[in-house]
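**Student:** just coords:
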């Protein structure tokens, strides 16, 4: 006879769709309409863990405070007030975890974990190089104050593995998506936060077909999870030259999308990271957090963050047999933000995804304020509501103490309202030739402070034969009545042929792009949507578009 733990897991696994439907709207999904409740802190916390600070072992956990003058999340002020993530449960939709790791076992919830890749109740790492999940869990919620190893951002938060990834060679893309979708639907009445490390398959190893692919099942599962009150955190990825909005899960307004920066506060391309490996940009990016430390400007000998590792001889083993001081990945940033989110929810348990986003939009810190994009234009835009926004950094690097202080007295954003254009035909079937720019205007009369906007673009093949659409050759811009201009899609590498000389396009005719760039602005007035076709051989037709704005009732 199976244990209760196994029984509960099997029910959750095989009834995930029914579970997700039954839990829609549960928990914090009321959009801030519930009475405000301030969280209860613990006693003041300070880390006594040996690898927390710098020493003979290396730079320590430089990302947590300003001890070395590097980019950091300023967490110690929150700890001093007693905010440690107690009572908050984080699920890691990632590689597996060692439940008996000395720095996780006091926080680990073994009755709630599950392996969605192998469909069993043992989500332990299966391979020696499967240490990404362990690194992420340690960054978010390694047990702090136990005199061992490292300290997580939320050192007393609960942890559970929702294993969905191991390595690229064994499971195909469909398997990855299916396991992530099942994890998103799992026990949404129990988990407060789920963090998805989708960057391995979604990004630097992705083909163009995986960039614009139908991931609607995963997006729907994340929406259901968010409606149930779970904060779903997604890493924007790590190719360096791709647009994160080209993945449905990263373009979803129901996710909290996170980018990575280096120790100097800079992200990929010509900045801190290797351009072929590090953080993508995206108009859906919301905030950033540290993801690596580089020894030099372009990091020929990169070093990373200090965190937990697989037990024994497996894993990275750069700091003994259970710790890693070279962990570096954009997913690290997402996991750090999951820890910050746990602190926010402890300070204000009434917040849902929208509420947490309001907290972060008002407290994150602008980094590299003077940077220019690849065309020499200012990389940051100050919108009409006074928010600084960048497709490379979102609203900036998270500040844990400022976020907690804001959350403690924040009454929530009020009920969500939506408004839009409905489907609007472009006109005389505009066919793009090389260098073409096509603009269309539309008017919004609804007046509610904006949060996220969505813009659906509908395309068709120019020969009318239902051929592929060459999304990577287009840029899409949206300008608000206040004059704020957001880049919803960058042209990326503009690739139209693969290495064999074959046309590269995808059979996806419609795509929804999103952005929080207009956060707080009034939507009233005339908007402009512009599409630009960079020089390329293949033409497509822009058929129609639909704008939807989402805002707050107060």
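**Tutor:** Great, that's in hand. Every value quoted in this text rests on a predicted model; they were computed, and no experiment measured them.

**Student:** tell me how many other residues crowd residue 376.
**Tutor:** Other residues within reach of residue 376 by the criterion other Cβ atoms under 10 Å amount to 6. C-beta coordinates here come from the backbone N, C-alpha and C atoms, glycine included.

**Student:** now the strands for the stretch 101-250 of the chain?
**Tutor:** Chain-ordered strands for the stretch 101-250 of the chain, with DSSP state E, counting those that start in this stretch as the definition, fall at 114-115, 158-163, 193-196, 231-235.

**Student:** my bad, should have said the stretch 451-554 of the chain
**Tutor:** Per DSSP E, counting those that start in this stretch, the stretch 451-554 of the chain carries strands over the ranges 474-479, 485-489, 510-515, 525-533, 540-552.

**Student:** mean neighbour count and mean pLDDT added to these, as a markdown table?
**Tutor:** What follows is the strands of the stretch 451-554 of the chain, written out as a markdown table (neighbours: other Cβ atoms under 10 Å; pLDDT from 0 to 100):
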| stretch | mean neighbour count | mean pLDDT |
| --- | --- | --- |
| strand 474-479 | 20 | 93 |
| strand 485-489 | 22 | 93 |
| strand 510-515 | 21 | 94 |
| strand 525-533 | 18 | 94 |
| strand 540-552 | 20 | 93 |
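
**Student:** for the protein, longest helix please?
**Tutor:** Using DSSP state H, we find that the single longest helix of the chain is helix 330-347.

**Student:** average model confidence for that helix?
**Tutor:** This predicted structure assigns helix 330-347 an average pLDDT of 95.

**Student:** ok, now which ones touch the spatially closest residue to residue 332 that is not a sequence neighbour?
**Tutor:** By the measure of Cβ to Cβ, 6 or more residues apart in numbering, the closest residue to residue 332 outside its immediate chain neighbours is residue 291, 4.8 Å from it. The contact partners of residue 291, by Cβ atoms under 8 Å, 6 or more residues apart in numbering, come to 260-262, 278-279, 305, 328-330, 332-333.

**Student:** give me the pLDDT value at residue 314.
**Tutor:** As summarised for this prediction, residue 314 has a pLDDT of 60.

**Student:** ok, now the one 5 residues further on?
**Tutor:** As predicted, residue 319 sits at a pLDDT of 73.

**Student:** burial check on it, number of neighbours?
**Tutor:** Residue 319: 20 surrounding residues under other Cβ under 10 Å.

**Student:** ditto for the one 3 residues further on
**Tutor:** Other residues lying near residue 322 total 22 when counted by other Cβ under 10 Å.

**Student:** show me the contacts for it.
**Tutor:** Listed by Cβ under 8 Å, 6+ apart, the contact set of residue 322 reads 101-103, 149, 308-311.

**Student:** let's go with 7 Å and repeat that
**Tutor:** When contacts are counted by Cβ atoms under 7 Å, 6 or more residues apart in numbering, residue 322 is found next to 101-102, 149, 308-309, 311.

**Student:** picking up where we left off before, neighbour count for the contacts of residue 291 - can I get that in CSV?
**Tutor:** Rendered in CSV, the data for the contacts of residue 291 read as follows (neighbours: other Cβ atoms under 10 Å):
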residue, neighbour count
260, 30
261, 30
262, 25
278, 31
279, 35
305, 29
328, 24
329, 24
330, 32
332, 28
333, 32
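
**Student:** thought residue 113 was touching residue 190, still the case?
**Tutor:** No. With contacts defined as Cβ atoms under 7 Å, residue 190 does not count as touching residue 113, sitting 11.3 Å away.

**Student:** who's more crowded, the two?
**Tutor:** More crowded of residue 190 and residue 113, by other Cβ under 10 Å: residue 113, with 24 against 19.

**Student:** so is residue 406 in a helix, a strand, or just coil?
**Tutor:** Of the three states, residue 406 takes helix under DSSP: H, G, I helix; E, B strand; the rest coil.
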